[in-house]
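Participant: just need the structure, nothing else, for what follows:
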Amino acid sequence: MNLQNTKIVPHLWFDREAVEAVNFYTSVFQNSSLLDHSVISGTPSGDVDIITFQLSGQKFMAINAGPTFKLNESISFFVYCGSEKEIDRLCESLSEGGSVIFPLAKYDWSPKYAWVKDKFGLSWQLDIEDINSPQKILPSLLFVNEKSAMVKQAIGYYKSVFPDTKVIMETPWHPEANKPDGSLLFAQFRLAGYLFNAMSSNQHHDYDFNEALSFMVYCDTQEEVDYFWIKLSEGGEEQPCGWVKDRFGVSWQVVPLGLDKMMATKDKEKLDRVTQVMLQMMKLDIKELEKAFLGD
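Facilitator: I've put the predicted structure just below:
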């Protein structure tokens, strides 16, 4: 599995802290580095940093785009640490200047586990156990409040949208939780070769999914862009610049594979042209973006 060529890439939205956050994350995780950094102008948020980086060999993206959206615990990253030394190190580093949601300790679900929020507001669940996969960092979706019984429903929906899907494990709610039959407390599943965890909570929370943490879906062709745009927005919401919010409130960006190369150009005129054309779009049009890039 080439983690740099996965179809799905997590995308982090920051106010103005993206560069500082990426530098911090790449200093904490092994096999991590900055891959690209571009600045686009003329957006509603002014000048916007777009940063591509890798953590533990996995691709991520981050932007500085203003205070509109704030990271919260609805989507965290579950890290399979594989050793006591590593979980201790990560817990200390990631919680410094942040906060601890679950202190590092033994729990029913793990011999050693912690849930921490870092100084930038991003949440991390740390487990001493390893995972039989090169992907050691998994996005974890937390279904809360009226969505708390929807984990199984959501996974079924995502399986209908993405190729190469598989449910790895399911943990049902205990009957005493008074959830509908078949409701899941925890699940792990794979979409297009990329692993996710999903969880639900029986407590009330004052947060839910938002655009601060979205998932980029890379598409080879316009046909593929059209497919994912229709499927992921069905029952949800179409948004500008290739963004959609699905029926459960999770945000996705449906983007052509070639857009990264366009946005990484050092030719400011090309970058500005592509940016201005993209800002006028809802679903992204590959031919129009390429025409803008080439100046046709």
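Participant: which parts of the stretch 101-250 of the chain are strands?
Facilitator: Counting by DSSP state E, counting those that start in this stretch, the stretch 101-250 of the chain has strands at residues 110-117, 123-127, 137-143, 166-172, 184-191, 194-200, 213-219, 237-238, 243-245.
Participant: direction included, what does the first one pair up with?
Facilitator: Pointing back at strand 110-117 there. Sheet pairing for strand 110-117, assigned by DSSP bridges, gives strand 99-107 (antiparallel), strand 123-127 (antiparallel).
Participant: between the ones you listed, which gets nearest to residue 179?
Facilitator: Of all the strands paired with strand 110-117, it is strand 99-107 that lies closest to residue 179, at 20.4 Å by C-beta to C-beta. (Glycine included, C-beta is placed from N, CA and C.)
Participant: what residues sit buried inside the closest one?
Facilitator: residue 104 (16 or more other C-beta atoms under 10 Å).
Participant: can you get me a residue count around the residue nearest to residue 287 when sequence neighbours are not counted?
Facilitator: Once flanking residues are discounted, residue 287 sits nearest to residue 222: 7.3 Å by C-beta to C-beta, 6 or more residues apart in numbering. Residue 222 has 14 neighbouring residues, counting by other C-beta atoms under 10 Å.
Participant: any idea how far residue 260 is from residue 222?
Facilitator: In this view, residue 222 and residue 260 are 16 Å apart by C-beta to C-beta, to the nearest Å.
Participant: could you dump the strands of the stretch 101-250 of the chain to a markdown table with distance to residue 39?
Facilitator: Formatted as a markdown table, the strands of the stretch 101-250 of the chain follow (distance: least, C-beta to C-beta, whole Å):
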| stretch | distance to residue 39 |
| --- | --- |
| strand 110-117 | 28 |
| strand 123-127 | 28 |
| strand 137-143 | 27 |
| strand 166-172 | 39 |
| strand 184-191 | 31 |
| strand 194-200 | 28 |
| strand 213-219 | 19 |
| strand 237-238 | 27 |
| strand 243-245 | 20 |
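Participant: and those as TSV, adding distance to residue 91 and mean pLDDT?
Facilitator: Shown next, in TSV, are the strands of the stretch 101-250 of the chain (distance: least, C-beta to C-beta, whole Å; pLDDT from 0 to 100):
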stretch	distance to residue 91	mean pLDDT
strand 110-117	5	98
strand 123-127	6	98
strand 137-143	15	98
strand 166-172	24	95
strand 184-191	21	96
strand 194-200	18	97
strand 213-219	21	98
strand 237-238	37	98
strand 243-245	32	98
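Participant: need these in a markdown table (columns: mean neighbour count and distance to residue 255).
Facilitator: Formatted as a markdown table, the strands of the stretch 101-250 of the chain follow (neighbours: other C-beta atoms under 10 Å; distance: least, C-beta to C-beta, whole Å):
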| stretch | mean neighbour count | distance to residue 255 |
| --- | --- | --- |
| strand 110-117 | 20 | 28 |
| strand 123-127 | 23 | 25 |
| strand 137-143 | 23 | 17 |
| strand 166-172 | 13 | 24 |
| strand 184-191 | 20 | 16 |
| strand 194-200 | 22 | 15 |
| strand 213-219 | 23 | 6 |
| strand 237-238 | 14 | 14 |
| strand 243-245 | 22 | 10 |
